[in-house]
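Chemist: I would like to see how this sequence folds:
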Amino acid sequence: QLRLVESGGGLVQPGGSLRLSCEGSGFSLDLHAIGWFRQAPGKEREGVSCMHSSGSWTDYADSVKGRFTISLDSAKNRVYLQMNSLKPEDTGVYHCAAAWGCPHNVSETAEYQYWGQGTQVTVSS
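Modeler: Here you go, the predicted model:
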């Protein structure tokens with residue numbers, strides 16, 4: 001069974017950091033493009049980042065460039081999203097997803113075949 005499981009969310013103050021983890025089971029993440037998305041209450045789902053297979057290329061939404069970093073640990077079959085300098089507007093449920101390639105626009109979702117259940121990130125003082 002192919003699964004993605006996110007972890008690492010929580011409550012953090014503005015300016016703080018969190019590292020989200022997306023663990024794959026049943027397939028190798030380094031053979032897929034892995035994307036991170038987030039959705040805040042009452043808002044549309046927003047693409048945050050995408051990484052091509054084996055970490056060969058990465059893309060970020062303008063809103064997180066310079067603050068978030070996506071990376072791959074092949075040995076652990078995990079993709080991480082390091083989030084620094086967090087802002088209240090970063091609050092939402094963060095999902096990872098797997099596709100055969102990153103879309104042209106980081107917010108496009110049609111290519112993604114597998115999705116995790118999400119992890120909540122709350123940035124608040």
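Chemist: Tell me if Glu111 really is in a helix.
Modeler: No - with DSSP: H, G, I helix; E, B strand; the rest coil as the criterion, Glu111 is located in coil rather than a helix.
Chemist: residue contacts, the most centrally placed residue in the chain?
Modeler: Per CA atoms, centre = their mean, the C-alpha nearest to the average position across the chain is that of Trp36, at 2.4 Å. Residues counted as contacts of Trp36 (CB atoms under 8 Å, 6 or more residues apart in numbering) are 20, 22, 47-50, 70, 81, 94-97. Every C-beta, even on glycine, is put in place using the N, C-alpha and C of the backbone.
Chemist: Can you tell me which of the residues you listed end up in strands?
Modeler: The strands in this structure, assigned by DSSP state E, contain 20, 22, 47-50, 70, 81, 94-97 from the contacts of Trp36.
Chemist: just the strands in this structure please.
Modeler: Along the chain, the segments classed as strands by DSSP E run 3-7, 10-12, 18-25, 33-39, 46-51, 58-60, 68-73, 78-83, 92-99, 114-115, 119-123.
Chemist: can you count the residues close to Lys43?
Modeler: Around Lys43 there are 11 other residues, counting by other CB atoms under 10 Å.
Chemist: Model confidence for it, exactly?
Modeler: Lys43 is assigned a predicted lDDT (pLDDT) of 93.
Chemist: residues in contact with it?
Modeler: For Lys43, the residues meeting the contact criterion (CB under 8 Å, 6+ apart) are Gly92.
Chemist: for Arg45, same thing?
Modeler: 37-39, 95, 107, 109 are the contacts of Arg45 under CB under 8 Å, 6+ apart.
Chemist: next one: Gln82
Modeler: 17, 19, 68-71.
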